[in-house]
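Asker: generate a structure from the sequence data that follows.
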Amino acid sequence: MFMLLLIGLIPMVLYVLVDYFTRNLRTSIITAVITAAIMGGVTWWLMGEFDYEVVIIVVTMLATGLISIKFKTPIYFKFQPVITGVILALVLAYFQYFDTPLMVKMLPKLRTMLDNADLALPPEQLALIADDSQAPFFARMTQHLMLWLLIHAAVVAFCALKTRNSLWLLAKAVGLPLVAGGALLTEWLFY
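Answerer: Model (predicted):
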């Protein structure tokens, strides 16, 4: 999860910094895309497998970057987090309605990771993850994540169209906490 946050954020920070100092769209986008590709490769090397979220981020960053360079406008590149958020929401929706909800499907892998890790999690959290009767909770959380991914995408789209790079980057950066916190908040409010 931490690597996913870094892959989504560090290239965008470099984009904003390089754009600020050089005022060169091509240079700033190429810097961001190369950084994302290198970080994706390092993640694959460390994990030993491709993470579909990392692939989506790198591919959409490359595609939107090329389109922005071709049309000489940063707006397409700044919409990369929007496109990624919508794609991830659609992936979650597919698993939610046509397969097993993704968070339920990931529980065995999470349990294995927690068994192999030396984490000091509270016993209540470990019990929640280990309890198979909690599958409906994790299915609802997947629904909440879909909603909050789309809310975050809308906020980033607004900032891409109407604000400076720094505010757009801030909207992009708060994505993971906003989505996770929002999902927990809606679960707490409605269930």
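
Asker: how many residues are close by the residue nearest to Leu5 when sequence neighbours are not counted?
Answerer: Nearest residue to Leu5, sequence neighbours excluded (Cβ to Cβ, 6 or more residues apart in numbering): Leu176, at 5.3 Å. Every C-beta, even on glycine, is put in place using the N, C-alpha and C of the backbone. Using other Cβ atoms under 10 Å, Leu176 is surrounded by 15 other residues.

Asker: next: Phe158.
Answerer: 14.

Asker: and the gap between it and His152?
Answerer: 11 Å (Cβ to Cβ, to the nearest Å).

Asker: what is in contact with those two at once?
Answerer: Residues touching both Phe158 and His152 (Cβ atoms under 8 Å, 6 or more residues apart in numbering): Ala171.

Asker: what's downstream of the lengthiest helix in the chain, the next helix or strand?
Answerer: Using DSSP state H to define each element, the chain has its longest helix at helix 135-162. Next helix or strand after helix 135-162 toward the C-terminus (DSSP states H and E): helix 165-173.

Asker: tilt between that next one and helix 135-162?
Answerer: On the basis of axes from the mean of the first three to the mean of the last three Cα atoms, to 10 degrees, helix 165-173 is oriented at 170 degrees to helix 135-162.

Asker: which elements pack onto helix 165-173?
Answerer: Under the contact definition 3 or more Cβ pairs under 8 Å, 6 or more residues apart in numbering; DSSP states H and E, helix 165-173 sits against helix 2-22, helix 135-162.

Asker: okay, angle between that helix and helix 2-22 too, please.
Answerer: Using the same axes, to 10 degrees, helix 165-173 lies at 180 degrees relative to helix 2-22.

Asker: buried residues in the helix or strand following helix 165-173, which are they?
Answerer: As assigned by DSSP H and E, the chain's next helix or strand after helix 165-173 is helix 175-190. Buried positions in helix 175-190, judged by neighbour count with 16 or more other Cβ atoms under 10 Å: Gly175, Leu178, Val179, Gly182, Ala183, Thr186.

Asker: tell me how many other residues crowd Asp19.
Answerer: Asp19: 19 surrounding residues under other Cβ under 10 Å.

Asker: ok, and the closest non-adjacent residue to it?
Answerer: Excluding the flanking residues, the one nearest Asp19 by Cβ to Cβ, 6+ apart is Ser28, at 3.9 Å.
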